[in-house]
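Participant: give me coordinates for this.
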Amino acid sequence: MARTPPISRGAVGAGASREHDGDGIELTAAELIALRPRCNALMLPMHRPAASALAGAYRSRFRGRGVDFVESRNYQPGDDIRNMDWRVTARTGRAHTKVFQEERERPVLVVVDASPSLFFGTRRRLKSVAAGHLAAAIAWTAVKRGDRVGAFLFAPGEHLELRPAGGRRGAMRVVQGLVDWLSPERRSGGQEPLGVALQRVRHAVRPGSLVLVVSDFYSLDDDCERHLSRLRQHNDVVGCQVLDPAEEALPAGRYPITDGEQASLLDTAREGGRQRFESMSLHHANDARRVFQRHQCGWVTMRTVDDPVEVLGRDLRMLVGRAA
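Facilitator: Residues are numbered from 1 along each chain as shown. Okay, the predicted model is just below:
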């Protein structure tokens, strides 16, 4: 099921009843900003906590001089003695240690797929809108915890990189990028292997980052394993799969479908055909999950009918528990 047809505006909009939810087809900044207060209690997974709360929420995996010096502060029990600031220690008579950027905040990169298969939905919203909600909730959670957040948005033949930035400014850059990038009007045709995007992400991401890949993973290819393995060496990675209920099980009946150019009739009245479809869908979901878990990456599943904050609260809580 490499390509799936869009549905009418009314079919999705009928399920959107909450304030700021939008019509389920056109993503708006208002609905993404409205997620902000609900993300305060969420927590993103981390590889390991910092030794001192004064040094920030995370300790970097990266070692050496390729980090940005920020300031010197009083030595705290548990600080790495290799980072001692001997000049300040000698001048003040009190032990001081150097604080680097990675110890104060962590870059969070949200990688969002805008392939044609994302512009599909039969319940509440398109998958592209659900992906935007999930990515925005991640962005608000990141800046609430003091991280810097950026995005890598990709579609067949094009991509947009938003470098990580802190605070509300960083989150709003991601929100605006999502609104522009996930618009059905700028949707391009064709399909591009996910491995191409992951290769670009590898060269764009800073070591020690948290990378969350939001996609339906219909473009998963053999190269993904190689790039995912290398990306995982110096970063924490979480796969976030977005699905529509109709991709998992089809109701019996005969339905007219269209891709905007051609029309056809989908016949799901025969039980054998439905079972083959459901088996194919199950294999697709499991194959993508296994690829990520094989490289010790986290995994999140969101359906178009789900609340993104509730999904992150449930699945990320398990990932945080494992890291602790």
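
Participant: CA atoms only for the helix or strand hosting Ala131, dumped as CSV, please.
Facilitator: Element membership of Ala131 [criterion: DSSP states H and E] is helix 127-144. Written as CSV, here are the backbone C-alpha positions of helix 127-144 (Å, rounded to 0.1, in the frame of the first residue of the first chain):
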residue,chain,number,x,y,z
LYS,A,127,-2.3,11.4,8.7
SER,A,128,-0.3,14.5,7.7
VAL,A,129,-2.3,16.6,10.2
ALA,A,130,-1.8,13.9,12.9
ALA,A,131,1.9,13.9,12.2
GLY,A,132,1.9,17.7,12.5
HIS,A,133,0.1,17.5,15.9
LEU,A,134,2.6,14.8,17.1
ALA,A,135,5.6,16.8,16.0
ALA,A,136,4.3,20.1,17.6
ALA,A,137,3.6,18.3,20.9
ILE,A,138,7.2,17.0,20.8
ALA,A,139,8.5,20.5,20.2
TRP,A,140,6.5,22.1,23.1
THR,A,141,7.7,19.3,25.4
ALA,A,142,11.3,19.8,24.4
VAL,A,143,11.4,23.6,25.0
LYS,A,144,9.5,23.2,28.3
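
Participant: chain center to that helix: distance?
Facilitator: 7 Å (CA atoms, centre = their mean, to the nearest Å).

Participant: and that helix, what does it pack onto?
Facilitator: helix 29-33, strand 107-113, strand 148-155, helix 167-181, strand 210-215, strand 236-243, strand 298-303, helix 308-323 (3 or more CB pairs under 8 Å, 6 or more residues apart in numbering; DSSP states H and E). Yep, even glycine has a C-beta here, placed from its N, CA and C like the rest.

Participant: so Ala269, which of the three states?
Facilitator: Three-state assignment for Ala269 (DSSP: H, G, I helix; E, B strand; the rest coil): coil.

Participant: if I pick it, what's in contact with it?
Facilitator: If a contact means CB atoms under 8 Å, 6 or more residues apart in numbering, then Ala269 has 252-254 as its contacts.

Participant: poorly predicted segments of this protein, please.
Facilitator: 1-21, 46-68, 101-105, 188, 259, 318-324 (pLDDT under 70).

Participant: need the contact list for the residue nearest the centre of the chain.
Facilitator: Residue closest to the mean C-alpha point of the chain, counted by CA atoms, centre = their mean, is Leu212 at 3.6 Å. Taking CB under 8 Å, 6+ apart, we find Leu212 in contact with 108-111, 135, 138, 237-240, 300.
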